[in-house]
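*Asks:* Prediction below, plus the sequence it came from.
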Amino acid sequence: MEPHPPGRGDTALTIAGKTFGSRLILGTGGAASHAQLAEAITASGTELVTVALRRVDPNASGSVLDVIEKCGVDLLPNTAGCFTAEQAVRTARLAREAFDTDWIKLEVIGDEDTLLPDPVELLDAAETLVRDGFTVLPYTSDDPVLARRLEDAGCAAVMPLAAPIGTGLGVRNPHNLALICEHANVPVICDAGIGTASDAALAMELGCSAVLLATAVTRAADPALMAAAMRDAVNAGRAARLAGRIPKRHLAKASSTFEGMADL
Amino acid sequence: MKIEVNGEAREGITTVIDAIAAVTEARRGIAAAVNGEVVPRSEWDRPLADGDAVEVLTATQGG
């Protein structure tokens, strides 16, 4: 991996020309209540949160939209639950009507047990949505070739998984994630599989531009505290990446000089 | 005329906006599809045909 050029200066995260002050994107799935979600959003420092599109529940009290508006963050609708390109494209078009945004987190799932993306349907949907004028952020497997194909299709970012959705297993293939970061010309957002703060920091150290996570925060024993931990982890990982880590060595290298040692 | 709204058969519904009003008072953050096709907000007064299936959707918590 090429060493990152040293330097203190950092630039803000920019996706499709829009700049964000935070490199953490928060999924809202799994929160026990709207109040708890609001606390977590605030503690995370995020400026962008995801929502799913579902049938209206006539018995629902309050809306996640009210929480998002109150917190003053932007909304990123997803196509969660879609198994075909056709379903995902329709869902994206509905989301555009509902929320007046052409941004879409594109998810096309290929397997019920692992919830891993279906690469063929995903690329197909991405191409259609880009043609349709959407700003497409695809949730993808950690395959560098697929990431390149999605970028070539005109996606505004690529969002490779750390591990399957909701597993909290952390970055399973750091090498692939680093390869994707190394070659991408659009932001790489590590999406799914983050379990705790060190996972988020590692994703950033590997070169990701941002991290998207939901379950790790919303199902933590103390969601707001974990949200704050994730905020700090993303910042720390980013700083460490920019700082340029030392190479790993096989044997020890003394940090104290042997010169001037007393003859004891 | 039989119309299905979010999977439930309903009577007395003749337009898309009727179908929306049958399940929610909200208008913001709502999208509607008839037989799987998106109906833009500007066309919500569109009349429905017997047997049409309407989906009325909104935001929910999701990753």
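*Replies:* Sure, I can see it.
*Asks:* Pick out the residue of the stretch 101-250 of chain A closest to chain B.
*Replies:* For the stretch 101-250 of chain A and chain B, the shortest gap (Cβ to the nearest Cβ) falls at residue A:214, measuring 3.8 Å. In this view, the C-beta of every residue, glycine as well, is placed from N, C-alpha and C.
*Asks:* Point out the residues in the stretch 51-200 of chain A that sit beside chain B.
*Replies:* Remark: the part of the stretch 51-200 of chain A in contact with chain B comprises A:51-58, A:63-65, A:68, A:75, A:77-78, A:80, A:90, A:93-95, A:97-99, A:165-166, A:192, using Cβ under 8 Å from any Cβ of the partner chain.
*Asks:* residue ranges for the strands of the chain, please.
*Replies:* Using chain A. Counting by DSSP state E, chain A has these strands, from start to end: A:13-15, A:18-20, A:24-27, A:48-55, A:74-77, A:103-106, A:135-140, A:159-160, A:189-191, A:210-213.
*Asks:* ah, no, chain B please
*Replies:* Secondary structure of chain B by DSSP E: the strands cover B:3-5, B:8-10, B:30-34, B:37-39, B:53-61.
*Asks:* Mind putting the ones you listed into TSV with mean pLDDT, distance to chain A and mean neighbour count?
*Replies:* Shown next, in TSV, are the strands of chain B (pLDDT from 0 to 100; distance: least, Cβ to the nearest Cβ, whole Å; neighbours: other Cβ atoms under 10 Å in any protein chain shown):
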stretch	mean pLDDT	distance to chain A	mean neighbour count
strand B:3-5	95	9	22
strand B:8-10	93	10	11
strand B:30-34	96	4	22
strand B:37-39	94	5	19
strand B:53-61	95	4	22
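*Asks:* Tell me which of the ones you listed lies nearest to residue A:116.
*Replies:* Across the strands of chain B, the minimum distance to residue A:116, taken as Cβ to Cβ, is reached by strand B:53-61, at 22.0 Å.
*Asks:* Quick check: which helices or strands does that closest one pack against?
*Replies:* Counting by 3 or more Cβ pairs under 8 Å, 6 or more residues apart in numbering or on different chains; DSSP states H and E, the packing neighbours recorded for strand B:53-61 are strand A:48-55, helix A:64-71, helix A:85-99, strand B:3-5, helix B:16-23, strand B:30-34.
*Asks:* As a markdown table, those with distance to residue B:40 would be great.
*Replies:* Converted to a markdown table, the helices and strands packed on strand B:53-61 look like this (distance: least, Cβ to Cβ, whole Å):
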| stretch | distance to residue B:40 |
| --- | --- |
| strand A:48-55 | 16 |
| helix A:64-71 | 19 |
| helix A:85-99 | 6 |
| strand B:3-5 | 18 |
| helix B:16-23 | 10 |
| strand B:30-34 | 9 |
